[in-house]
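Participant: With the input below, show me the fold.
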Amino acid sequence: MRTVDAVVIGSGPNGLVAANALADAGWDVLVLEAQDTIGGAVRTAEVTAPGFRTDLFSAFYPLAAASPLMRGLHLEDHGLRWVRAPDVLAHALDDGRTAVLRADATDTAAGLDAFAPGDGDAWLRMVETWRRIRDPLLDALFTPFPPLRSVARLLRRVGVAGGLDLARLAVEPVRRLADETFAGEGAGLLLTGNAMHADIPPDAAGSGAFGWLLAMLGQDVGFPVPERGAGSLADALAARLRASGGQIETGARVDAVEISGGRAIGVRTHDGAHLRVRRAVLADVPAPSLYLDLVGAAHLPARLRRDLGRFQWDHPTFKVNWALGSPIPWASADAAGAGTVHLGVDQPGFVDAAASLSVGRIPDRPFLLCGQMTTADPTRSPAGTESAWAYTHVPHGVTWTAAQVEAQVERMEAALERTAPGFGAAILARHVQSPVDLEAANANLVGGAVNGGTSALHQQLFFRPTPGLGRSETPLAGLYLASASAHPGGGVHGACGWNAARAALAGAGGLGRARQALVHSAWDRVLRDG
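Facilitator: The predicted structure follows:
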């Protein structure tokens, strides 16, 4: 029977970051990936037409570029190169007006003043606040909960009053944030569009923090992409791991985590092979999949089984990829230079789309996030063409028949036609990814949900993935949750994997048994049968 120090289930970015951290510590690490290709939701392929490279899932990576964890891996030494579009992001309205987040904050501000005088200065004040608190805030976001040291650093920079302002921002709806900060529509479009990258409605608590964070990251590091495709990020993580002695096996689906005496002792793969671990199993899979499918309910406390029954997935994603014979013919030239373009709705339209999702109805006018990949990275398609995609959120429970898929594609292309007349004439080929297709390509994207669970406040911090510690430790010794279902959640920042690796290393260190006893006594209190 084969034995290693640690098995990492899944080769998504969190799994590969975790494996790198363990390999750096001298552990014998094996990553098992069910698919034939590494990367999880960070993969690239030619699916529309020859010569057109499409990111199949995620595409733009402000969190990866800003993450101190990712930067510390020095992936540029292993082939990664970040590239950026001339402009970061635009929101194109049907009437031709466009709000643009440009690389230079003063240029962004000048454009916002066209919507309402004075909004540019308000934007610059927001950026200045971000710059003052950036480092301790990111540390607080990316470290295990509770991030006491980072919060203390943050409070030293802003004081008690500033800390209260930040606490209010953390729960403020994005529409309220925009209304009380800006007079015109432009800045609100940028903030709300960014908030809608998650699955939180614009009038819901917490949406303001998401919109503000992504907008400020865009203003800080941009929305960069890996040259030649998202898969280049996974390739660099894998190359670094192999250089450190780690191993990756593809086509190796894990069917079970083996438990003995309340401890993870190994895994069983789909071909019946048993692999033992000396130290730990780290799982880059959604929490329900880990606990219910790989571990089994019989090994779980009753309270955790109950809480898993309340686990909420984020809204599914519907994505369309295009090979275009020419750049997108935007009605507004201001949209042409942006790597990411938001479109399809105005400010009231955000609320209408979110309301439809909340009652299980497909929005008639969907909010689209569109990627102009060749604009961001000229290697993505032949000169003079564009590799583009757009995605939108859809409700759970839809039966995606051929007719439903066709109708959704028509809604999305109609939105593009309104803001870019002649878009349809530029289409050379189309590739559609419904929620069913997304899950078929990556089992972690359950029902087409890409975030590992809702980003709503009731499933964040110490409520993620279920009420408890908000950490990667599980009730089973030697088993760690390393996916986006763990705090701090979705986004390609590597923190979920890094935190799981740190916990595994601490659990195996000199103070490992004492620390582990403390963690599990806390788990016992949280999960005690009631």
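Participant: Which parts of the stretch 1-150 of the chain are helices?
Facilitator: Counting by DSSP state H, counting those that start in this stretch, the stretch 1-150 of the chain has helices at residues 13-24, 62-66, 68-72, 105-113, 119-142, 148-171.
Participant: For the first one, give the mean pLDDT please.
Facilitator: Throughout helix 13-24, pLDDT has a mean value of 97.
Participant: and that helix, what does it pack onto?
Facilitator: strand 2-9, strand 29-32, helix 231-243, strand 274-283, helix 495-508 (3 or more Cβ pairs under 8 Å, 6 or more residues apart in numbering; DSSP states H and E). In short, each C-beta sits where N, CA and C put it, glycine included.
Participant: 6 Å - rerun?
Facilitator: When contacts are defined as 3 or more Cβ pairs under 6 Å, 6 or more residues apart in numbering; DSSP states H and E, helix 13-24 sits against strand 2-9, strand 29-32, helix 231-243, helix 495-508.
Participant: Quick one: closest of the helices of the stretch 1-150 of the chain to A331.
Facilitator: Among the helices of the stretch 1-150 of the chain, the nearest to A331 by Cβ to Cβ is helix 105-113 (16.4 Å).
Participant: Show me the contact partners of the closest one.
Facilitator: Residues outside helix 105-113 that contact it (Cβ atoms under 6 Å, 6 or more residues apart in numbering) are 100-102, 119-120, 123-124, 127, 186-187, 219.
Participant: Please repeat the previous calculation with a cut-off of 8 Å.
Facilitator: Helix 105-113 has contacts (Cβ atoms under 8 Å, 6 or more residues apart in numbering) with 99-102, 119-124, 127, 182, 184, 186-187, 219, 334.
Participant: Give me the buried subset of the residues you listed.
Facilitator: The neighbour-count test (16 or more other Cβ atoms under 10 Å) marks 99-102, 119-120, 122-124, 127, 182, 184, 186-187, 219, 334 as buried among the contacts of helix 105-113.
Participant: and of these, the nearest to L80?
Facilitator: L80 lies nearest to Q219 out of the buried ones among the contacts of helix 105-113, by Cβ to Cβ, at 22.6 Å.
Participant: Give me the helices and strands touching the strand or helix carrying that closest one, please.
Facilitator: Per DSSP states H and E, Q219 falls inside helix 207-221. Helix 207-221 is packed against helix 62-66, strand 87-92, strand 98-102, helix 119-142, helix 148-171, helix 174-181, helix 185-195, with contacts defined by 3+ Cβ pairs under 8 Å, 6+ apart.
Participant: Could I have the CA atoms of that helix written out in CSV?
Facilitator: Presented in CSV, the C-alpha positions along helix 207-221 are these (Å, rounded to 0.1, in the frame of the first residue of the first chain):
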residue,chain,number,x,y,z
SER,A,207,-23.0,43.6,-1.0
GLY,A,208,-21.4,47.0,-0.4
ALA,A,209,-18.2,45.4,0.9
PHE,A,210,-17.9,43.1,-2.1
GLY,A,211,-18.5,45.8,-4.6
TRP,A,212,-16.1,48.2,-2.9
LEU,A,213,-13.4,45.5,-2.5
LEU,A,214,-13.4,44.4,-6.2
ALA,A,215,-13.6,48.0,-7.4
MET,A,216,-10.7,49.1,-5.2
LEU,A,217,-8.7,46.0,-6.3
GLY,A,218,-9.4,46.9,-9.9
GLN,A,219,-8.1,50.4,-9.2
ASP,A,220,-5.1,49.1,-7.5
VAL,A,221,-3.8,46.0,-9.4
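Participant: Next, the angle helix 119-142 makes with it.
Facilitator: On the basis of axes from the mean of the first three to the mean of the last three Cα atoms, to 10 degrees, helix 207-221 is oriented at 100 degrees to helix 119-142.
Participant: what sits against I248?
Facilitator: Listed by Cβ under 8 Å, 6+ apart, the contact partners of I248 are 11, 19, 30-31, 33, 38, 238, 241-242.
Participant: about what we covered before: can you say which of the helices of the stretch 1-150 of the chain is packed in most?
Facilitator: Most buried of these, by mean neighbour count (mean count of other Cβ atoms under 10 Å): helix 13-24, with a mean of 29.
Participant: if we can go back for a sec, walk me through which strands the next helix or strand after the helix holding Q219 pairs with, and which way each runs.
Facilitator: Later in the chain than helix 207-221, the nearest helix or strand by DSSP H and E is strand 225-226. Here strand 225-226 is paired, per DSSP bridges, with strand 82-83 (antiparallel).
Participant: Would you agree T379 is in contact with R53?
Facilitator: Yes. Between T379 and R53 there is a contact under Cβ atoms under 8 Å: 7.2 Å.
Participant: more neighbours, those two?
Facilitator: Counted by other Cβ atoms under 10 Å, T379 and R53 do not tie: R53 has more neighbours, with 20 against 14.
Participant: What's the separation between that one and R228?
Facilitator: According to Cβ to Cβ, to the nearest Å, R53 stands 7 Å off from R228.
Participant: Which positions in stretch 204-224 come out as buried?
Facilitator: 204-224.
Participant: Output the below-cut-off pLDDT ranges for the protein.
Facilitator: Scanning the chain for pLDDT under 70 picks out the ranges 510-530.
Participant: what's the domain layout of it?
Facilitator: Annotated domains of the chain cover 2-36+250-312+453-527, 83-225+315-441 [automatic domain parsing].
Participant: want to try CSV for the ones you listed, with distance to S232 as columns?
Facilitator: Below are the domains of the chain laid out as CSV (distance: least, Cβ to Cβ, whole Å):
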stretch, distance to S232
domain 2-36+250-312+453-527, 12
domain 83-225+315-441, 9
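Participant: Would you mind telling me which of those domains is nearest H74?
Facilitator: Among these, the nearest to H74 by Cβ to Cβ is domain 2-36+250-312+453-527 (10.6 Å).
Participant: Pull the distance from the closest one to the chain's centre.
Facilitator: 18 Å (Cα atoms, centre = their mean, to the nearest Å).
Participant: mind starting the numbering at 21 from now?
Facilitator: With 21 as the first residue, the last one maps to domain 22-56+270-332+473-547.
Participant: was I right about L377 contacting V414?
Facilitator: Yes. Judged on Cβ under 8 Å, L377 makes contact with V414 at a distance of 7.4 Å.
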